[in-house]
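Peer 1: got a predicted structure here, sequence first:
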Amino acid sequence: MGTIRQAWVWFQELLGVIPPPSHGQKYAVNCSWFQETFGECPEGADDETVRRYARAYIMMLLGTQLFADKSGNRIHIRWLPYVARLEEMGSYSWGSAALAWLYRCMCQVANRHVVKLAGPLQLLQSWIFWRFSRFRPAGYETFSWPLASRWSGYNPSGSEKGPRVQIWRLRIDRLQDREVSTLLTKLL
């Protein structure tokens, strides 16, 4: 992408604005600035304005949902080359890339000194709840589309998370051979 200065010039060309220094970092922009600036496309906007809002929205999806970092509140400008050509967005294998990113993040979190997991965690949680009903929280049996939206409101309090995690770790540790075989069959 060249120098930092060139990257921000390109940002300005593609999105029509540059974040103030308080909302930007070397190669990232705060999500809050993106939401405040591009939260709602103005009614009657011209084609170029719609394209700018589309680019910002796609950057938010890529930076916060599919390829999130551990901060959870920044969007890297590495996505500029992809949103520069909106007509090519459908030609990329986003699903494969998201799975590769998730796999990489899960490998990194396997290190006992790592305490935060990055990646498309909402998709992972949705897949776990879909495939393994025993892990699904009570009250989330109804189906709606898109599937991941069923659990969008699910956010247990901090006091619930710790004991719940411990209980599930214990349950996983106590799995019997036949139960592991069943889980592996579901995975494949």
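Peer 2: Good, I have the coordinates. Numbering: from 1, shown residues only.
Peer 1: can you tell me how far the residue nearest to I18 when sequence neighbours are not counted sits from I77?
Peer 2: With sequence-adjacent residues excluded and distances taken as CB to CB, 6 or more residues apart in numbering, I18 is closest to Q12, at 5.0 Å. Any C-beta I mention is one placed from the backbone N, CA and C, and that applies to glycine too. Look at Q12 and I77: by CB to CB, to the nearest Å, they are 11 Å apart.
Peer 1: so which of those two has more stuff around it?
Peer 2: Higher neighbour count among Q12 and I77: I77, with 23 against 11, using other CB atoms under 10 Å.
Peer 1: OK, contacts around that one?
Peer 2: Listed by CB atoms under 8 Å, 6 or more residues apart in numbering, the contact set of I77 reads 1, 7-8, 11, 27-29.
Peer 1: for the most centrally placed residue in the chain, list the residues it contacts.
Peer 2: For the chain, Q65 is the residue whose C-alpha lies nearest the centre (CA atoms, centre = their mean; 1.7 Å). By CB under 8 Å, 6+ apart, the contact set of Q65 is 120, 122-123.
Peer 1: pLDDT added to the residues you listed, as JSON lines?
Peer 2: As requested, the contacts of Q65 are exported to JSON lines (pLDDT from 0 to 100):
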{"residue": "P120", "pLDDT": "79"}
{"residue": "Q122", "pLDDT": "77"}
{"residue": "L123", "pLDDT": "79"}
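Peer 1: could you list which of those belong to strands?
Peer 2: When the contacts of Q65 are checked against strands (DSSP state E), there are no matches.
Peer 1: out of these, who has the most neighbours?
Peer 2: Of the contacts of Q65, with other CB under 10 Å as the count, P120 tops at 20 neighbours.
Peer 1: I'd say that one and A98 touch.
Peer 2: Yes - P120 is within contact range of A98, at 5.1 Å (criterion: CB atoms under 8 Å).
Peer 1: need the residues touching each of those two.
Peer 2: By CB under 8 Å, 6+ apart, P120 and A98 have these common neighbours: 66-67.
Peer 1: what bits of this protein have low per-residue confidence?
Peer 2: 1-2, 139-162, 164-165, 180, 183-184, 186-188 (pLDDT under 70).
Peer 1: just the helices in it please.
Peer 2: According to DSSP state H, the chain carries its helices in the segments 4-15, 31-38, 47-61, 80-84, 94-109, 121-131, 158-173, 177-187.
Peer 1: among these, which is nearest G72?
Peer 2: G72 lies closest to helix 31-38 among those, at 8.1 Å (CB to CB).
Peer 1: show me how this protein divides into domains.
Peer 2: Structural domains assigned to the chain are 1-92, 121-155, 156-188, following automatic domain parsing.
Peer 1: which of those domains sits closest to N111?
Peer 2: The closest of the domains of the chain to N111 is domain 1-92. By CB to CB, the value is 13.1 Å.
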